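Colleague: model this:
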Amino acid sequence: MTLRVNGVEHVLEPDHRTTLLDALRDHLGLPGAKKACDHGQCGACTVLLDGRRVCGCLLLAVAQDGAEITTVEGLSDTATGAALQRAFAARDAFQCGFCTPGQLCSAVGALAEAAADPDGPVALTEAETRERLSGNLCRCGAYPAIVRAVRDVAVRDVAVRGVTERDVTEQDVVVGDFTVRDADR
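Modeller: Down below sits the predicted model:
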């Protein structure tokens, strides 16, 4: 079977019971996606499969033959992934860091889903962002900073998200490359 992971094609011969998560971690040496609940309930194993976020612990690797997989290790190669990584750092949107790879992959997927909504781009309000990220758990409680970081990237991506320049006011400040809303301080 062949998987294209982070832009690199890999030929694997895993046992038919091997999950995508185990193939990534054990066969390809990519430790970013974490093995935690092994039931798809925590989101620590979230990766992007053909651009859509999935729980790697729930999918069999052999069923993904020919798929394009993006893990946290490959996010910095994408504009949105790199922007999210900088926003997470600027917002201190991690504490122990265990959930961060899954949170980042989920955020990339959530931003893409919001932009590609069949009814038009969805504004990522705080409530909408929380809902879209609700499948990823953080034991440290870094949720407020995670939501702010994702919203920073959503606001920054003016053309795709339907946000206008007037949504960024004089009361906003810049943290690194990111706009911090007065209400978020």
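Colleague: give the buried residues for the lengthiest helix in the chain.
Modeller: In the chain, assigned by DSSP state H, the helix with the most residues is helix 100-115. Within helix 100-115, the residues scored as buried using 16 or more other C-beta atoms under 10 Å are 100-111, 114-115. Yep, even glycine has a C-beta here, placed from its N, CA and C like the rest.
Colleague: and those residues as TSV, adding pLDDT?
Modeller: Shown next, in TSV, are the buried residues of helix 100-115 (pLDDT from 0 to 100):
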residue	pLDDT
T100	97
P101	97
G102	97
Q103	97
L104	98
C105	98
S106	98
A107	97
V108	96
G109	96
A110	96
L111	94
A114	92
A115	89
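Colleague: so what touches stretch 34-42?
Modeller: The contact list for stretch 34-42, computed with C-beta atoms under 8 Å, 6 or more residues apart in numbering, reads 21-22, 25, 44-45, 55, 57-58, 98-99, 101-102, 136-137.
Colleague: need the CA coordinates for the helix or strand that the longest helix of the chain is followed by. CSV is fine.
Modeller: For helix 100-115, the succeeding helix or strand toward the C-terminus, using DSSP states H and E, is helix 126-132. In CSV, the C-alpha atoms belonging to helix 126-132 read as follows (Å, rounded to 0.1, in the frame of the first residue of the first chain):
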residue,chain,number,x,y,z
GLU,A,126,-15.8,32.4,19.5
ALA,A,127,-18.8,30.1,19.8
GLU,A,128,-18.4,28.7,16.3
THR,A,129,-14.7,28.1,16.9
ARG,A,130,-15.3,26.3,20.2
GLU,A,131,-17.9,24.1,18.6
ARG,A,132,-15.6,23.2,15.6
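Colleague: would you mark the buried spots in helix 126-132?
Modeller: Buried residues in helix 126-132, counted by 16+ other C-beta under 10 Å: E128, T129, R130, R132.
Colleague: mind checking which helix or strand of this protein has the lowest mean pLDDT?
Modeller: strand 173-175 (a mean of 38; mean pLDDT, DSSP states H and E).
Colleague: rewinding a little: of the buried residues of helix 100-115, which is the nearest to A33?
Modeller: Ranked by distance to A33 (C-beta to C-beta), the buried residues of helix 100-115 are led by P101 at 5.9 Å.
Colleague: now that closest one. Nearest residue, chain neighbours left out?
Modeller: In space, and not counting its chain neighbours, P101 is closest to V72: 3.6 Å by C-beta to C-beta, 6 or more residues apart in numbering.
Colleague: separation between that neighbour and V122?
Modeller: Going from V72 to V122 by C-beta to C-beta, to the nearest Å gives 24 Å.
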